[in-house]
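Asker: Attaching a predicted model along with its sequence, questions to come.
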Protein chains: 2
Amino acid sequence: MTDPLPAWNRAELAGILTNGLIENCPVRDVLNQVSGKWATLLLMALSEGPLRFAELKRFTPDISQRMLTKTLRDLHRDGYITRTVYPTKPPKVVYALTETGRSFLDPFQALVAWARNNHAQIRAARLSFDREEAETLA
Amino acid sequence: MTDPLPAWNRAELAGILTNGLIENCPVRDVLNQVSGKWATLLLMALSEGPLRFAELKRFTPDISQRMLTKTLRDLHRDGYITRTVYPTKPPKVVYALTETGRSFLDPFQALVAWARNNHAQIRAARLSFDREEAETLA
DNA sequence: CAGCATCCGCTTTGATACTG
DNA sequence: CAGTATCAAAGCGGATGCTG
């Protein structure tokens, strides 16, 4: 627990994460897309199997149609999901995880688990911080 | 690799991730804070040991002073880092990871590794997508 | 059903100038 | 040195109305 963290040395860290500036960072380039408000939610929704557009909409009731379309398009563009159109009438479009999308969920799920496990503690820290701040101001 | 994903069933997923609506989701509550543009960068910078304000600024040259202050404050508030003030003249403020901050980096680093490993493939998917799109339009 | 186009507000970020 | 305060810019996301 007090052991020194996994050794990224500073130079390597700077190289990997920013390539000098944050704009040219490959890690950012990837994570920026999935760090949106809805992307991970949709990927997790698809983790049990393919879903249609309207099914995804029902799954996340508070997403707007605009954002659902846009997020699915971005995920498709980056290769996280496939998009299959059945030109029936009315049309039917099915989304499904690719192998890339599937493999992403593995490390991401670890982060979700961490967040769930640490939520209470973080909320406590926030409360404590805000309380002390209020005291100082008084 | 084709094995069915770790089984979150749909109901549990909806409960954990959104509690009905995305606003009351504890996981989001946690991840929103660290999904900012600079938070993870600063946490990683601190992974090798405490740093002063100006040192962190030098570490990420393209961050503005405003964002550095704000991000550090948020990380402190949520208990990821400590902030120690030495009331010398001129003042000296040292930031360091807490145990929470340290433990966060573990799952997060796995995600960074995934991003690095899959960056090339994702860029390729993007190119392919954009090329096909251009064809369709033509 | 599964989108696209437009407009519009809010939040996030950045630039700049000033302070204990 | 380590901030705070103010203002302006940009981007994300939502609401609405319209199509094949």
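Answerer: Structure received.
Asker: Quick check: what element follows the lowest-mean-pLDDT helix or strand in chain A along the chain?
Answerer: None of the helices or strands of chain A scores lower by mean pLDDT, DSSP states H and E than helix A:10-18, at a mean of 54. Per DSSP states H and E, the first helix or strand lying C-terminal to helix A:10-18 is helix A:26-34.
Asker: near DNA strand D at all, the helix ranked longest in chain A?
Answerer: The helix spanning the most residues in chain A, taking DSSP state H as the definition, is helix A:99-137. No - Helix A:99-137 lies out of reach of DNA strand D by C-beta under 7 Å from any atom of the strand, never closer than 10.1 Å. All C-beta spots, glycine's among them, are computed from the backbone N, C-alpha and C.
Asker: just checking, A:Thr98 touches A:Asp78?
Answerer: No - counting by C-beta atoms under 8 Å, A:Thr98 does not reach A:Asp78; the two are 9.7 Å apart.
Asker: burial count for A:Thr69?
Answerer: 13 (other C-beta atoms under 10 Å in any protein chain shown).
Asker: That one in helix, strand or coil?
Answerer: Using DSSP: H, G, I helix; E, B strand; the rest coil, the structure places A:Thr69 in helix.
Asker: would A:Thr84 count as being in a strand?
Answerer: Yes - assessed by three-state DSSP, A:Thr84 belongs to a strand.
Asker: Contact partners for it?
Answerer: A:Val93, A:Val94, A:Tyr95, A:Ala96 (C-beta atoms under 8 Å, 6 or more residues apart in numbering or on different chains).
Asker: Flag every residue of chain A that's near DNA strand D.
Answerer: Residues of chain A lying near DNA strand D (C-beta under 7 Å from any atom of the strand): A:Gly36, A:Lys37, A:Trp38, A:Asp62, A:Ile63, A:Ser64, A:Gln65, A:Arg66, A:Met67, A:Pro90, A:Pro91.
Asker: What residues does the third one make contact with?
Answerer: Applying C-beta under 8 Å, 6+ apart to A:Trp38 gives the contacts A:Thr60, A:Ile63, A:Met67, A:Leu68, A:Thr71.
Asker: Can you tell me which of the contacts of A:Thr84 lies closest to chain B?
Answerer: In terms of C-beta to the nearest C-beta, no member of these lies closer to chain B than A:Ala96, at 11.8 Å.
Asker: Identify the residue nearest that closest one in space, chain neighbours excluded?
Answerer: Leaving aside its sequence neighbours, A:Ala96 sits nearest to A:Pro50 (C-beta to C-beta, 6 or more residues apart in numbering or on different chains; 3.8 Å).
Asker: Show me what the helix or strand containing A:Glu55 is packed up against.
Answerer: Element membership of A:Glu55 [criterion: DSSP H and E] is helix A:53-59. Packing partners of helix A:53-59 (3 or more C-beta pairs under 8 Å, 6 or more residues apart in numbering or on different chains; DSSP states H and E): helix A:39-45, helix A:65-77, strand A:92-97.
Asker: Tell me how far stretch A:100-111 lies from the chain's centre.
Answerer: 9 Å (C-alpha atoms, centre = their mean, to the nearest Å).
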